[in-house]
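Peer 1: this one's structure only:
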């Protein structure tokens, strides 16, 4: 099959990483893989793994983006993909309008993935107009069924899978550790409590600082690390976090590591990983990655992250927004030996890949049966 995935950009985040990993799996299985986006640091990874990246400014949520309809039409006519997989609303709109200008027999099948609980309005409804819709968790599925006109037989839950082999290494690369500690010497000899995720208010970094304030008072041997970059437009919130860190007298107890490409080692370095989103997160990729590494996770009992912990690590669940309970759960887990957590098959990358390819086959078979 020839598959084109469309998303706004390739900077950071679960959607982006999932797209890149899935593209690599397509190549391994002998398919032709294309990704269209506004680019970013991960575009080179897409190319390096054998896929083709097409740069197109389809990321802005403004009417100006509709100027990309004709270029997208040309791209679709040149590539003639079997499947177009849309992973975000603006790219979905551009592709939808481009396809309407093509003869029906020249249009590829369209699959969409609801990566989030999008606001209920006509702009978001475009994600429900695909030939088949994928939801990344049961909570997203229920949200889509409640708020969008999608027949239940046209909606499938496919969890965003983890490439488990990438996170099952059992020892930290010592050269990597030396380099890290030369840059962040304050981490040496500490119990590391990690908060991964891009810098964004709803990701819960402010709650993390509150919890660390409680933890440090009881365990001065702990150090918190916030791992994730501030995307364009989020720099002011990063400054707010730095101010709050100073106010809580945590400047030498919590470090901002910025955007990283060494998460496999960081999961192994961490003694506990935290997930503190202030609203239901559709999936919570860092939860499955950390557990696959054998590192315990504490998370608020909400959204897709809670679905993962309910399935395989219930000790890490705490009531939503209760930073005191969160700190207590972290402290309880700190001295437990790490153990391998058996992730259910549905959370693995191979299950995601096989499930998605099955959907592709289904929509293509249905398309072939339609009268011309």
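Peer 2: Now that the structure is in, tell me what you want to look at. The model shown is predicted, which means the values in this text are computed figures rather than measured ones. Numbers count the residues shown, from 1 in each chain.

Peer 1: C-alpha from now on. contacts and neighbour counts both.
Peer 2: OK.

Peer 1: Once you drop chain neighbours, what's closest to residue 61?
Peer 2: Spatial nearest neighbour of residue 61, chain neighbours left out: residue 90 (6.3 Å); criterion: CA to CA, 6 or more residues apart in numbering.

Peer 1: Which strands and helices lie in contact with the helix or strand hosting the one you found?
Peer 2: Counting by DSSP states H and E, the element that carries residue 90 is helix 89-100. For helix 89-100, the packing partners by 3 or more CA pairs under 8 Å, 6 or more residues apart in numbering; DSSP states H and E come out as helix 69-79.

Peer 1: Just after the helix it packs on, pick out the following helix or strand.
Peer 2: Following helix 69-79 toward the C-terminus (DSSP H and E): strand 83-86.

Peer 1: Pull up the per-residue confidence for the nearest residue to residue 221 once chain neighbours are set aside.
Peer 2: Spatial nearest neighbour of residue 221, excluding adjacent residues (CA to CA, 6+ apart): residue 190 at 5.4 Å. Residue 190 is assigned 97 on the pLDDT scale.

Peer 1: again, but for residue 338
Peer 2: According to the prediction, residue 338 has pLDDT 77.

Peer 1: residues contacting it?
Peer 2: Counting by CA atoms under 8 Å, 6 or more residues apart in numbering, residue 338 touches 294, 295, 296.

Peer 1: Which of those ranks first by neighbour count?
Peer 2: Compared across the contacts of residue 338, residue 296 has the highest neighbour count, 27 neighbours, by other CA atoms under 10 Å.

Peer 1: tell me the contacts of it?
Peer 2: Neighbouring residues of residue 296 by CA under 8 Å, 6+ apart: 271, 272, 273, 290, 316, 333, 338.

Peer 1: hmm, try it at 6 Å
Peer 2: residue 272 (CA atoms under 6 Å, 6 or more residues apart in numbering).

Peer 1: if we can go back for a sec, go through the contacts of residue 338 and name the one with the lowest pLDDT.
Peer 2: Among these, residue 294 carries the weakest pLDDT, at 88.

Peer 1: Need the three-state assignment for that one.
Peer 2: coil (DSSP: H, G, I helix; E, B strand; the rest coil).

Peer 1: Is the closest residue to it other than its chain neighbours within a helix or a strand, and which one?
Peer 2: Leaving aside its sequence neighbours, residue 294 sits nearest to residue 340 (CA to CA, 6+ apart; 4.5 Å). Using DSSP H and E, residue 340 falls within no helix or strand.

Peer 1: Also the one 3 residues further on?
Peer 2: Take DSSP H and E as the rule and residue 343 turns out to sit in neither a helix nor a strand.

Peer 1: what's the distance between the closest residue to it other than its chain neighbours and residue 81?
Peer 2: Closest residue in space to residue 343, ignoring its immediate chain neighbours: residue 312 at 6.4 Å, by CA to CA, 6+ apart. For residue 312, the distance to residue 81 equals 38 Å [CA to CA, to the nearest Å].

Peer 1: neighbour-wise, which of those two wins?
Peer 2: Between residue 312 and residue 81, counted using other CA under 10 Å, the more crowded position is residue 81 (21 against 15).

Peer 1: where does residue 194 land in three-state SS?
Peer 2: Taking three-state DSSP as the rule, one finds residue 194 in the strand state.

Peer 1: give the contact list for the nearest residue to residue 350 once chain neighbours are set aside.
Peer 2: Once flanking residues are discounted, residue 350 sits nearest to residue 161: 7.1 Å by CA to CA, 6+ apart. The contact partners of residue 161, taken as CA under 6 Å, 6+ apart, are 347, 348, 349, 352.

Peer 1: Where helices are concerned, which of those count?
Peer 2: The helices, defined by DSSP state H, take in 349, 352 from the contacts of residue 161.

Peer 1: Kindly indicate which of the contacts of residue 161 lies nearest residue 103.
Peer 2: Proximity of those to residue 103 was ranked by CA to CA; the top entry is residue 352 with 31.9 Å.

Peer 1: and that closest one, how many neighbours?
Peer 2: By the criterion of other CA under 10 Å, residue 352 has 23 neighbours.

Peer 1: could you list every residue that touches it?
Peer 2: Listed by CA under 6 Å, 6+ apart, the contact partners of residue 352 are 158, 161.

Peer 1: now stretch 45-60, how far from the centre of its chain.
Peer 2: For stretch 45-60, the gap between its own C-alpha mean and the chain's C-alpha mean amounts to 17 Å (CA atoms, centre = their mean, to the nearest Å).

Peer 1: Just the buried residues of it, please?
Peer 2: 45-47, 49-54, 56-59 (16 or more other CA atoms under 10 Å).

Peer 1: Give the buried residues for stretch 182-198.
Peer 2: Within stretch 182-198, the residues that qualify as buried by neighbour count (16+ other CA under 10 Å) are 187, 191, 192, 193, 194, 195, 196, 197, 198.
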